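# Sequence and predicted model, in that order:
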Amino acid sequence: MDSKTLHVDAGNGYDILISPGILDGAGARIRAALPAARRLFVVTDSNVSPLYGPRLVASLEKESFQVHTHVIPAGESSKCASRLVELWTWMTSLGITRSDAVVALGGGVVGDLAGFAASTVLRGVGLVQIPTTLLSQVDSSVGGKTAVDLDTGKNLAGTFYQPDLVLMDPEVLDSLPDTDFMSGMAEVVKYGCIWDADFFDFLAARPDRRSLMGDIGHILYTCCDIKRQVVNADEHDTGLRMILNFGHTLGHAYELAGNYTVWTHGQAVAAGMVAAARLGVALSVTQADVPERIRGVLAPLGLPTSISAAPEHVRRAVGVDKKSAGDFVTLILLEKIGAVRPVKLPRDQVTELLAGLDGR
Ligand code: GLY
């Protein structure tokens, strides 16, 4: 696969570099993007650290960076305020300065948490994202959302803070368990649904991991290109960016229903997209064949296409939905594959409509 570069205008502007083996060239890339940085604070987790930590650190030290590494326990429970304080304390006790940078090596938990820490320590230091899961490569590492979870819900505290560089090595996806790879595929399919019907058809013709990995460079590039266009138009999520949440309102209800342990985020979003398409058909917004077409792409990948949630979970998910404004919620619906239509409705009506979907 060829190397590919995308440029995001948001923030100070930054590149997304997609290239097999780029992990070993990370030092030189970071040196070019952050010439004033002397010290790098690598944040990674207990799964990723033994797999890719030594290669990354070797590449950084080759460029004469002074490298400090902090390993957090793998898993969503690390995306919390106490780990954020732990990172602040770690970095400041080592005397981090504003010209230094945080390097996030891992999936969405590491990227969101380390990004939050980078955006707030000393009121902001450099940030490099090196995402190692499909989900974080196509979504969370690009666009500058950082977050921790609260007892009251996921991602409820955070900042918008664009990175200085995103390095994407498709080869690291080989070590992902199937469940995690396919969870990332739910977000990949989402881009086809909301933006690009040709890309949707391209994915439909690749119903297994082997064929998808054969074209992974094109897949990463296409998803990041769509995300970059959306983020450039609406960095702070007040309009267009909401379309990236297609399938997510019910997805959040399904995650809640399974107490965040039964369904992964991607699995919940997969079923949420089918449900949102069915709702769109019921509201005469969406073409009648769309739910079945989405199901036809997701099912061969082993992703669930229907999940039941109690009305209480739907009500809670709608209650904390970040697409809410006052008593209104914006539902992200499709007109057809590749054409999205946000529809603003009273919150109570949305809760009733979503709770009325039978989950089958
Ligand atoms: N993950 C959705 C967004 O970045 O806006």
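Right, received. Where do you want to start?

# thought V110 was touching N47?
No. Taking Cβ atoms under 8 Å as the definition, V110 is not a contact partner of N47, at 9.8 Å. C-betas here are computed from N, CA, C, even on glycine.

# more neighbours, these two?
Shown here are V110 and N47; by other Cβ atoms under 10 Å, V110 has more neighbours (31 against 19).

# for the helix or strand containing the more buried one, packing partners?
Assigned by DSSP states H and E, V110 belongs to helix 108-120. With contacts defined as 3 or more Cβ pairs under 8 Å, 6 or more residues apart in numbering; DSSP states H and E, the packing partners of helix 108-120 are strand 39-45, strand 66-72, helix 81-93, strand 101-106, strand 126-131, strand 145-150, strand 153-160.

# among these, which is nearest the ligand?
The closest of the helices and strands packed on helix 108-120 to the ligand is strand 145-150. By Cβ to the nearest ligand atom, the value is 4.8 Å.

# in this structure, what spans have low per-residue confidence?
321-324, 358-360 (pLDDT under 70).

# For it, just list every one of the strands.
Counting by DSSP state E, the chain has these strands, from start to end: 4-8, 14-18, 39-45, 66-72, 101-106, 126-131, 145-150, 153-160, 165-168, 324-325, 328-336, 339-346.

# Tabulate these (TSV), appending distance to F181 and mean neighbour count.
Shown next, in TSV, are the strands of the chain (distance: least, Cβ to Cβ, whole Å; neighbours: other Cβ atoms under 10 Å):
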stretch	distance to F181	mean neighbour count
strand 4-8	20	16
strand 14-18	17	22
strand 39-45	17	24
strand 66-72	22	18
strand 101-106	15	29
strand 126-131	13	27
strand 145-150	22	21
strand 153-160	22	16
strand 165-168	15	26
strand 324-325	32	13
strand 328-336	25	20
strand 339-346	25	14
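
# Which one of the ones you listed lies nearest to A186?
Taking Cβ to Cβ, strand 328-336 is the member of the strands of the chain nearest to A186, at 14.5 Å.

# Which residue comes closest to Q137 once chain neighbours are left out?
P131 (4.5 Å; Cβ to Cβ, 6 or more residues apart in numbering).

# Correct me if wrong: the one you found contacts P170.
No. In this structure P131 lies outside contact range of P170 using Cβ under 8 Å: 10.8 Å.

# joint contacts of these two?
Residues touching both P131 and P170 (Cβ atoms under 8 Å, 6 or more residues apart in numbering): Q137.

# Please list the residues of the stretch 201-350 of the chain that sit near the ligand.
237, 241, 244 (Cβ under 6 Å from any ligand atom).

# thought the second one was touching R228?
No. Counting by Cβ under 8 Å, R228 is not a contact partner of R241; they are 11.5 Å apart.

# overlap in contacts of these two?
Residues touching both R241 and R228 (Cβ under 8 Å, 6+ apart) are G143.

# need the contact list for the nearest residue to E76 once chain neighbours are set aside.
Excluding the flanking residues, the one nearest E76 by Cβ to Cβ, 6+ apart is V109, at 5.9 Å. For V109, the contact set (Cβ under 8 Å, 6+ apart) comprises 45, 72, 74-76, 78-79.

# quick revisit: quickly list what the residue nearest to Q137 is bridged to.
Legend: beta-bridge partners of P131 under DSSP bridges are G106.

# which residues sit in contact with it?
104, 106-108, 111, 137, 140-141, 166, 168.

# restrict the residues you listed to contacts with the ligand.
Counting by Cβ under 6 Å from any ligand atom, nothing from the contacts of P131 sits close to the ligand.

# how near is the residue lying farthest from the centre of the chain to the ligand?
Distance from the centre of the chain peaks at S64, with 31.3 Å (Cα atoms, centre = their mean). From S64 across to the ligand, the span is 34 Å (Cβ to the nearest ligand atom, to the nearest Å).

# what's the closest non-adjacent residue to the residue of the stretch 201-350 of the chain found nearest the ligand?
Nearest residue of the stretch 201-350 of the chain to the ligand, counting by Cβ to the nearest ligand atom: L244, 4.0 Å away. Spatial nearest neighbour of L244, chain neighbours left out: V230 (6.1 Å); criterion: Cβ to Cβ, 6+ apart.

# close enough to count as contact, that neighbour and R241?
Yes. Under the criterion of Cβ under 8 Å, V230 lies in contact with R241, with a separation of 5.5 Å.

# more neighbours, those two?
More neighbours surround V230 than the other of V230 and R241, with 22 against 18 (other Cβ under 10 Å).
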